[in-house]
Structures are given as C-alpha cells and as structure tokens.
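Engineer: just coords:
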C-alpha cells in the first residue's frame, strides 16, 4: 500500500473545490456540518488528503486529483440542440461530447446555456475558478445577442434597465444596445451579471415580447471569436486565462504546453467531431456590434 508520505497531499477543502462541486467556503461549511468523510471517518476542517484517499460527500464518492498546478480553459461555441450535462436521459447530444479528453482531470462547465441557446460556453480544469466565475458576488458580465419578436418600446427597455420582479426575485439588464433589424424581429445586445435559469428570456417575456433567438457572445473578458465555428472549441492562451483568474481574485497558474504529438492529437479530435457532426440547417447570423 502506498504511504501518504510518498504522495502529495493538499487540504481537503481545496481538493474538493478543485473538482468543481462548490466553492471552498461552501465546502468548509459542509465539513463543519459533518457531510464529508475521508476513508470512512467524518472529516475535520484542515485535514489533508491525497489521490489515494477515499473521499465521500453525502455518501457519494468523489474522485480527488491532487497537485494540479496548471489551469486550462476552453472556449466552446455551443450549437442549439445540445444540453449542458454530462449525460442526458433522453439521449440528446451534450456539450461534453466534442471536448478533448483529459487524463486524471475533468472539464467543468462555467455556467450553463439552455438547449435552445447557442454561443459561448467556457470550460476549465480548475473547479475553484469555475465556482468564482459563476458566483454572483464577483459580478462577472455575460453578454448576449438576442432577437426579439414583437414591438419593443423605449418604456420597455427603461424598465428592463431599472429592474423588474421575476418569480425568483428582482432582475435587470446592466446594458441594452439596439443592434437593428427589420419587421417584427429586432436584435439587441444585453448584459446581465448573474446566470439564473433562462434569465434573459424571462426578462424580455416580462414585457410581453418573445425571444426568437439567443446567443451568448461574451463571458467576462472572453469574447466569442469568429475563429471558433459552431460545435468547435479553442483553448485560451496564458494571457487570457490569467485575466480571467485575476477578475475573481485568484493567483495565476501556468497553462500547460502541448508537445508536437499532443497538438496533433488535439487537432485529430477536432477533425473527428467535425466530420461526425450531422449538418445543421444554416441560420442567418445576428448583426455585429
């Protein structure tokens, strides 16, 4: 049996935060409430664990990966029709199907998009970064291009900017920009600071109009590039990953470099998913800002 002295250990709350289960502060509360076990014993705050330990949260086994000193972030251009879960009971395609494989780690999605929403979705190997970028206290902007069906008046946009009450509390757009359009369909670019379920759609519906198309184009400092085609992904470089981390008060970590063979393998995975993807009916793109 491997001795704990022979493997790297980290604090339990840090190791669990890295899995993307919750923030470190939330996990500390779980430990204090006795919901976390290590090797069959109720864990104490400050306990250290390694990859050879058996860790359970609410009796559910959690795979621990210690010592990850790097950070990876992917930009994925989600098509309509994919769900933001690892598996779907109805057999629908998921956003994880086309991502590159990780060894000893897993991709964690930063926020979600509903099945009928397309555009920018971020994934990371760093659970703590994911949790902070999603937490409302960090006020990370999410920008959407939205096509609205129906007449939109100045009074409507003023109400949406000042705030309206939805079934789960007050909500508002922090920015609304008219992006043009013809007839009953009109495009806007809007910004929200939270990621509540269907929040953009529900805000517009509160004014009696309907969202006919919705695409996320920005998350924090990351803008969806035209290089990233629908259903494709791109790994962020060190500079952009560091900017994301600084926005939520995290220290920087190196983005791993890939060998020539590693780059070839990633390109092969990209081509494989591109070739196996069923062609989708092409839709006109929204107006550019």
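Structural biologist: That came in fine, so what should we check first? This one's a predicted model, so the numbers in the text were calculated from it and none came from an experiment.
Engineer: Lowest average confidence across helices and strands of the protein, where is it?
Structural biologist: Every helix and strand in the chain was compared by mean pLDDT, DSSP states H and E; the lowest is helix 260-276, with a mean of 54.
Engineer: Which of the three states applies to residue 34?
Structural biologist: For residue 34, the assignment made with DSSP: H, G, I helix; E, B strand; the rest coil gives coil.
Engineer: Can you tell me the closest non-neighbouring residue to it?
Structural biologist: residue 42 (5.1 Å; C-beta to C-beta, 6 or more residues apart in numbering). For every residue, glycine as well, the C-beta is placed using N, CA and C.
Engineer: same thing with residue 134?
Structural biologist: Nearest to residue 134 is residue 111, by C-beta to C-beta, 6+ apart, at 5.5 Å.
Engineer: mean confidence for the longest strand belonging to the chain?
Structural biologist: Taking DSSP state E as the criterion, the chain has its longest strand at strand 210-219. Averaging pLDDT along strand 210-219 yields 97.
Engineer: Give the other helices and strands that that strand contacts.
Structural biologist: Here strand 210-219 touches strand 118-124, strand 142-149, helix 199-205, going by 3 or more C-beta pairs under 8 Å, 6 or more residues apart in numbering; DSSP states H and E.
Engineer: Nearest to residue 244 among those would be which one?
Structural biologist: Between residue 244 and those, the shortest separation by C-beta to C-beta is 8.2 Å, and it involves strand 118-124.
Engineer: I'd like the next helix or strand past the closest one.
Structural biologist: helix 127-134 (DSSP states H and E).
Engineer: Now do that next one against strand 118-124: the angle between them, please.
Structural biologist: Using axes from the mean of the first three to the mean of the last three C-alpha atoms, to 10 degrees, the inter-axis angle of helix 127-134 relative to strand 118-124 is 140 degrees.
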